[in-house]
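Student: Fold the following for me, if possible:
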Amino acid sequence: MRFFVASMTGMAGWIGVALSTTLLAGRGVAMPLPFEETRRGDEVRLFNGEDLTGWTWHLESGRPEEVWRVEDQVLICKGNPIGYLRTQTEYESFILKLEWRFNPVTKQAGNSGVLVRMIGEDKVWPRSIEAQLMSENAGDFWNIDEFPMKVDQRRTSGRNTRKLKMAEKPIGEWNEYEIRVCGGDVDLKVNGVLLNQARDALEIPGRICLQSEGAEIHFRNVRLTPLFPGKRPVHELKPTVARVTPKWKSAVVHAGDLVSADVDVSGAKSLWLVAMPTDDGNSCDWSDWVEPRLVTAQGETRLTDLSWSYAMAGWGEARAGKNADGGPLKVGGKEVAYGIGTHAMSAIGYDISGKGFTRFVTKAGIDDSGAAQNPATPSVQFLILVDPPDDAFYAQSPSDLFR
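Tutor: Coordinates of the predicted model:
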């Protein structure tokens, strides 16, 4: 699995790799690059700001005028009865942008969603892909009625694939959704932040729906740009062989374990700390590098005293002196004097060229905050590299990589 919450201040070669990959990778199979766009059509305003021209409705009961009204170019949905508005026109590949907010007066949290590629009969709820709008959950996927698509299984429970992070503004403020549906790809952005991706979704024209789901919600600036997808880059579909070999790799590490590493880094230009999730399907893989230090003939330098060139974490953030969620570092019930907290899948890179370092010494383990989550049986494999990981490196499943 690959998904990136990254910060970068250098290492141009590695940045190129990061930008060429997707948020997702299947269990042991690299997810393909997004479909190329051959061209874009002209933007269409789906909501004209005056009435519901171009839309129809389905409700469990009641009439549409009881649910929806337009005021000052804002479409207001009361939230009850349950149902949805849907476009009369079908769309297959497009970029959909819209703004939403929950009631700015009551500031009450609520639920709604945007359904794309809705097909089949009108019902609650119709076969489609839902881009979630529930408060604090915008950016989640919900798969309705077994719509064919591939998502990151490590963030998926049943029909729900969780977003990578929170990107919403306070309740009552306007947010923007950008939903890119192109060929078999579906990408979700909230306020400009890429939060979720699906691949190999069923390629079929479908309608777009706005849900009425129990709470007052407002919509405005609903517009769509048609896309004309080309083909995937052929090279991404070919098998690849990783060219990077770890200098050190741990066995599978479980909660309470603490492993030690002592690695020769003489002449190395870079140092990479990687935490890989295993194939067990579990999450909560909070990963800590404990007392990491670089050694020269003159003494030792704490790695936490240096700035990394690149860092990514599968959840939360890579943090010096704190765990992935910003709490204290603790492994096996013991506080960590100094270290780096992150969450698999993670990679952290340092430029160590010309500094005379000869060895890298560290311990590694599962942070207690991850192990304490119920139910959670986290397991991670730690690696140390002196060359940037390439795309093919991440395409391997852990079970193949660590035989």
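Student: show me what contacts Val181?
Tutor: Counting by C-beta atoms under 8 Å, 6 or more residues apart in numbering, Val181 touches Tyr91, Glu92, Ser93, Phe94, Ile95, Leu96, Val116, Arg117, Ala201, Leu227. Glycine gets a C-beta too; all of them are placed from N, C-alpha and C.
Student: So which of those is the closest to Leu258?
Tutor: Comparing the contacts of Val181 against Leu258 with C-beta to C-beta picks out Ala201 as the nearest, at 42.3 Å.
Student: Can you say which of the contacts of Val181 are buried?
Tutor: Tyr91, Glu92, Ser93, Phe94, Ile95, Leu96, Val116, Arg117, Ala201, Leu227 (16 or more other C-beta atoms under 10 Å).
Student: Can you read off the backbone torsions of Ala109?
Tutor: phi -60, psi 150 (degrees, to the nearest 10).
Student: Skipping its backbone neighbours, what lies nearest it in space?
Tutor: Of all residues not flanking Ala109 in the chain, Ser135 sits nearest, at 3.7 Å (C-beta to C-beta, 6 or more residues apart in numbering).
Student: ok so that neighbour is a helix residue?
Tutor: No - secondary structure of Ser135, determined by DSSP: H, G, I helix; E, B strand; the rest coil: coil, with no helix assignment.
Student: and it, what pLDDT?
Tutor: pLDDT, Ser135: 94.
Student: pLDDT-wise, which helix or strand of the protein ranks last?
Tutor: Within the chain, judged by mean pLDDT, DSSP states H and E, the helix or strand with the poorest mean is helix 12-20; its value is a mean of 30.
Student: Give me the most central residue, this structure.
Tutor: By C-alpha atoms, centre = their mean, the chain has its centre lying nearest to Leu164, at 3.7 Å.
Student: Surely it and Gly139 touch.
Tutor: Yes - with contacts counted by C-beta atoms under 8 Å, Leu164 reaches Gly139, the gap being 7.4 Å.
Student: Find the residues that touch each one of the two.
Tutor: Leu195, Asn196.
Student: Could you give the bridge partners of Ile129?
Tutor: Val116, Asn143 (DSSP bridges).
Student: Run through the residues that contact Asp288.
Tutor: Counting by C-beta under 8 Å, 6+ apart, Asp288 touches Asn323, Leu329, Val331, Val336, Gly339, Ile340, Gly341, Thr342, Ala364, Gly365, Ile366, Asp367.
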